[in-house]
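Student: Need a 3D model of the sequence below.
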Amino acid sequence: MAKFDKIYLIDTLNNQILLIKYTKVNGVSIKSFFQPLKLDNKLKLEHLTKFITIDIEASINMEEVIEMKNSAIFQPILIAAYNFFNNKNICLNLSPNIEKLMEQFLLNFFDRSLHKFVIYAHNLSSFDGVFILKYLLKIGEKYDYLIEPVFRDRKLITIKCRFGKDKTGRYRYYIEFHDSLLILNSSLEKLGEIFLSENP
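Tutor: Residues are numbered from 1 along each chain as shown. Model (predicted):
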């Protein structure tokens, strides 16, 4: 039976990735080369920063948690966003008029300058997503935007929002909400501890 030993070498010199594969078959070394991956010349640094993060802070009555467990009601108290493209942030206290303030907050993203931006919401597939979708649907109905939620295994994984109708009735722009937990290997708290740690 043949034995295979593989070594992969990644060379990032000259902005390309070169993969060299060494394979040993029955004691004989065979060297093979793969074509280097070509970079997309149209890709610019600004394309990598076209995303926004948002998070909602909520309070809860601990007595309800003990008594009702999963049926306990969370009360949103604060929502914040950070735009990595222009280094701007938005932070709103959601009291006393949560309906008006959520509309005000979310309308910030329905701007043609944010076309094709991805908005990463922490916990979109759970509480935050249900809360955000509720107000996006209201905004869609009020301003004639198209709100397209996508579910997988009964969990909300993305929301595509189309806006800016032209004369033909076609939407010219869109933004997308994604769940940041689906791209993170750990919780935000643990990631913060890693990045802020003084240990190398």
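
Student: and the spatially closest residue to residue 115 that is not a sequence neighbour, how many neighbours?
Tutor: In this structure, residue 115 finds its nearest non-sequential neighbour in residue 173, 4.3 Å apart by C-beta to C-beta, 6 or more residues apart in numbering. Any C-beta I mention is one placed from the backbone N, CA and C, and that applies to glycine too. By the criterion of other C-beta atoms under 10 Å, residue 173 has 18 neighbours.

Student: partner residues bridging residue 173?
Tutor: residue 163 (DSSP bridges).

Student: so it sits right up against residue 160, yeah?
Tutor: No - counting by C-beta atoms under 8 Å, residue 173 stays clear of residue 160, with 11.2 Å between them.

Student: Would you mind measuring from the residue nearest to residue 115 to residue 87?
Tutor: 22 Å (C-beta to C-beta, to the nearest Å).

Student: So what's the residue count around residue 99?
Tutor: If we define neighbours as other C-beta under 10 Å, then residue 99 has 11 of them.

Student: ok, residue 134 - contacts?
Tutor: Residues counted as contacts of residue 134 (C-beta atoms under 8 Å, 6 or more residues apart in numbering): none.

Student: Three-state assignment for it, please.
Tutor: Of the three states, residue 134 takes helix under DSSP: H, G, I helix; E, B strand; the rest coil.

Student: Quick check: it vs residue 165, distance?
Tutor: Look at residue 134 and residue 165: by C-beta to C-beta, they are 23 Å apart.

Student: C-terminal to the strand or helix carrying residue 104, what's the next element?
Tutor: Secondary structure from DSSP states H and E places residue 104 in helix 98-107. Later in the chain than helix 98-107, the nearest helix or strand by DSSP H and E is strand 118-121.

Student: Give me the contacts around that next one.
Tutor: 50-56, 81, 109, 128-129, 132, 175-180, 183.

Student: From those, list the buried ones, please.
Tutor: Among these, those classed as buried by 16 or more other C-beta atoms under 10 Å are 51-56, 81, 109, 128-129, 132, 175-180.

Student: Inside helices: which ones of the residues you listed?
Tutor: Those of the buried ones among the contacts of strand 118-121 mapping onto helices are 128, 129, 132, per DSSP state H.

Student: about what we covered before: would you mark the buried spots in the helix holding residue 104?
Tutor: Under the neighbour-count criterion of 16+ other C-beta under 10 Å, helix 98-107 has 98, 101, 102, 103, 105, 106 buried.
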